[in-house]
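Peer 1: below is the structure, and that's it, no one-letter string:
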């Protein structure tokens, strides 16, 4: 019913990256990657994997003049790589993140002017997506545990921005791990956000491991998604709590209706 994908950055970490991608594909999942500049794109092409999402920029932010220029420029570069990988979705955040997931430009307070600047930037991003026939997806993050200081962190924030731009080439990457920490009430959240969702990412809370290891009732979430008519990508962006293949099996079970 859903298109299941797995983030290659977080599982089979004992394997070289290209072999991780190949293994995930052999197990019947689509593949997601983070910073494409760290990988051999030609080698990834040769795996034959189906790539569902990748990071859609290298640096920049949504609110400053220099940051916007950098984001737009590197989003264009990312589109070219996405074409090579036949990857239809490119992921965005409220601001650039460093190697530890910390915001390059922490913004604990977001002003009205920043909201307007973010809307202008995202309209430009959506136009890039329209020209290339790809969708950029703006991801909600949590500022409480993993990404303190990230602006536009909550799902309510990212949803408001996506609605304001109102383009099929700017969608919401609804990350339910982050939403559980930052907001909760996941089933009502997915119901209200669904018309604007480009993909859904999952991990359990606490620990950010596969579904079934924490407090989130993912089978109930899956049933709510199915009842609401969602047939898109659900991606496991989670660490394996133990054996990687067992973790992927648990993920598949949670989202098999």
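Peer 2: Looks like it arrived, so ask away. Note that this is a predicted model, so its numbers are computed, not measured. Numbers count the residues shown, from 1 in each chain.
Peer 1: just list whatever residues bridge to the closest residue to residue 87 other than its chain neighbours.
Peer 2: For residue 87, ignoring the flanking residues on the chain, the nearest one in space by C-beta to C-beta, 6 or more residues apart in numbering is residue 51 at 4.1 Å. All C-beta spots, glycine's among them, are computed from the backbone N, C-alpha and C. The partner list for residue 51 in beta bridges (DSSP bridges) reads residue 31.
Peer 1: dump the residue contacts of residue 51.
Peer 2: Counting by C-beta atoms under 8 Å, 6 or more residues apart in numbering, residue 51 touches 30-33, 44, 85-87.
Peer 1: top of the residues you listed by neighbour count?
Peer 2: Among the contacts of residue 51, residue 32 has the most neighbours (other C-beta atoms under 10 Å), with 27 neighbours.
Peer 1: how much space between that residue and residue 9?
Peer 2: For residue 32, the distance to residue 9 (C-beta to C-beta, to the nearest Å) stands at 8 Å.
Peer 1: which neighbours do these two have in common?
Peer 2: When C-beta under 8 Å, 6+ apart defines a contact, no residue borders residue 32 and residue 9 alike.
Peer 1: isn't residue 162 right next to residue 138, touching?
Peer 2: Yes. Residue 162 is in contact with residue 138 according to C-beta atoms under 8 Å; the separation is 5.9 Å.
Peer 1: list residues touching both of those two?
Peer 2: With C-beta under 8 Å, 6+ apart, residue 162 and residue 138 have common neighbours 122, 170-172.
Peer 1: ok, so of these, who is nearest residue 130?
Peer 2: Taking C-beta to C-beta as the measure, residue 130 lies nearest residue 170 of the shared contacts of residue 162 and residue 138, at 9.4 Å.
Peer 1: roughly how far apart are the closest one and residue 126?
Peer 2: From residue 170 to residue 126 the distance is 4 Å (C-beta to C-beta).
Peer 1: out of the two, which sits in the busier spot?
Peer 2: A side-by-side neighbour count of residue 170 and residue 126, using other C-beta under 10 Å, places residue 170 first with 26 against 20.
Peer 1: from what I can see that one touches residue 134, true?
Peer 2: No. With contacts counted by C-beta under 8 Å, residue 170 stays clear of residue 134, the gap being 10.6 Å.
Peer 1: what residues are up against the closest residue in space to residue 147 that isn't next to it in sequence?
Peer 2: Computed as C-beta to C-beta, 6+ apart, the closest residue to residue 147 that is not its neighbour in sequence is residue 141, at 4.4 Å. By C-beta under 8 Å, 6+ apart, the contact set of residue 141 is 93-94, 147, 150, 153, 175, 178, 182.
Peer 1: go again using 6 Å as the cut-off
Peer 2: Residue 141 makes contact with 147, 150, 153, 178, according to C-beta atoms under 6 Å, 6 or more residues apart in numbering.
Peer 1: which of those fall within helices?
Peer 2: In helices, defined here by DSSP state H, the members of those are residue 178.
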